[in-house]
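*Asks:* what follows is a predicted structure for the sequence shown.
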Amino acid sequence: MKIDIMTLFPEMVNAVMGESMIGRAQEKGLVEIRAVNIRDYATDKHHKADDAPYGGGRGQVMLAEPLYLCHQALCAGERVHTVFLSAQGRPFDQDKARELLAWEHIILVCGHYEGVDQRFIDACVDEEISIGDFVLTGGEIPAMAVADAVCRMVPGVLPDEEAFTAESHWDGLLEHPQYTRPENWRGRPVPEVLLSGHHANIALWRREMSLRRTRADRPDLFARFAPRDKQDRLLLARLEQPEGNGDR
C-alpha cells in the first residue's frame, strides 16, 4: 500500500506517520507513506502556493499549477486514485476506509487557507472526503486520519485480522467495554463473566455489550443494524430487559 500526501507541511505529517504502529509498518515495508511538499512545485522563486481569490473575499486560495505539477509528478504517467480532504466531501467511515484499501496507490491532497482552486479539483481529484462537520486549519489531520485507518488494515500491520474486525464500526456496532488489572479498581469490579474463562460466554457478553453501547451512544448506527444470526436476534430481544449488575 502506497499513500502520497500532498501538503504544505510535510514535517507535520512525517512526525505522526513515522510513529507507533504505522511507523513500524513502514519500517517493515508493509506500507509506504510519503509527505510531498506542494511548494517544491511552485513556479516562482519564492515558492508561492497561494493567491487572493477572484471575486474578492478574505484569505488566500491555493494555486492550481503547483498542485497540478505535484500531482503529475506523483502519478508518473499513471492513473492514481486521488482524494481531496474537504469540508464538502462525503463523510469518512469504515466502509470508505475498506474501499480505499483496494487501491495499491492513493494520493491524499491537503488543502489550506480558504481552499483550493476548483480547476485543480475538477482536473485531478476523484473524490472528496470529510472527517466531520467541523472546520480545521488544513487537511493534514484528516489526511493522517484516513491514512491511519486504511493502513492498519493492510495484512501484517496488525497481529491478525481480528485486531481490527472486532473493533468499533467494522460491522456497524461500537466495540464492547474493555478491562484489565486489577480485578477491583476503587470499588469497581471487572464483570464476572470476563474472569470465568468460558470463552463462549465471554463472546456472547461482548456482543451484547456492543449492542447495548451502540443503542445508547449511537442510535443512528443502531437503527441501521441488521442482526447477523439467531444469536443476534436473541440478544436484541434481551435489550428490552433491564441491564444486570455485571453489564457496567
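*Replies:* That came through fine.

*Asks:* per-residue confidence at residue 159?
*Replies:* pLDDT, residue 159: 74.

*Asks:* what about it, how many neighbours?
*Replies:* Neighbours of residue 159 under the rule other C-beta atoms under 10 Å: 7. Quick note: C-beta positions are derived from backbone N, CA and C, even for glycine.

*Asks:* and what of residue 49?
*Replies:* 22.

*Asks:* show the contacting residues for it.
*Replies:* By C-beta atoms under 8 Å, 6 or more residues apart in numbering, the residues touching residue 49 are 8, 38, 39, 42, 62, 63, 66.

*Asks:* is it true that the last one touches residue 39?
*Replies:* Yes - with contact defined as C-beta atoms under 8 Å, residue 66 counts as touching residue 39 (6.9 Å).

*Asks:* these two - which one has more neighbours?
*Replies:* Between residue 66 and residue 39, residue 66 has the larger neighbour count (other C-beta under 10 Å), namely 25 against 17.

*Asks:* so the more buried one, which of the three states?
*Replies:* Three-state call for residue 66 (DSSP: H, G, I helix; E, B strand; the rest coil): helix.

*Asks:* could you check the pLDDT of it?
*Replies:* On pLDDT, residue 66 comes in at 98.

*Asks:* that one and residue 207, how far apart?
*Replies:* 51 Å (C-beta to C-beta, to the nearest Å).

*Asks:* which stretches of the protein form strands?
*Replies:* Along the chain, counting by DSSP state E, strands occupy 2-7, 32-37, 50-51, 61-62, 81-91, 105-110, 127-130, 184-185, 188-189.

*Asks:* want to throw the ones you listed into JSON lines with mean neighbour count and distance to residue 157?
*Replies:* JSON lines is the format used below for the strands of the chain (neighbours: other C-beta atoms under 10 Å; distance: least, C-beta to C-beta, whole Å):
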{"stretch": "strand 2-7", "mean neighbour count": "24", "distance to residue 157": "13"}
{"stretch": "strand 32-37", "mean neighbour count": "19", "distance to residue 157": "12"}
{"stretch": "strand 50-51", "mean neighbour count": "16", "distance to residue 157": "36"}
{"stretch": "strand 61-62", "mean neighbour count": "20", "distance to residue 157": "32"}
{"stretch": "strand 81-91", "mean neighbour count": "18", "distance to residue 157": "20"}
{"stretch": "strand 105-110", "mean neighbour count": "23", "distance to residue 157": "16"}
{"stretch": "strand 127-130", "mean neighbour count": "17", "distance to residue 157": "21"}
{"stretch": "strand 184-185", "mean neighbour count": "10", "distance to residue 157": "32"}
{"stretch": "strand 188-189", "mean neighbour count": "11", "distance to residue 157": "34"}
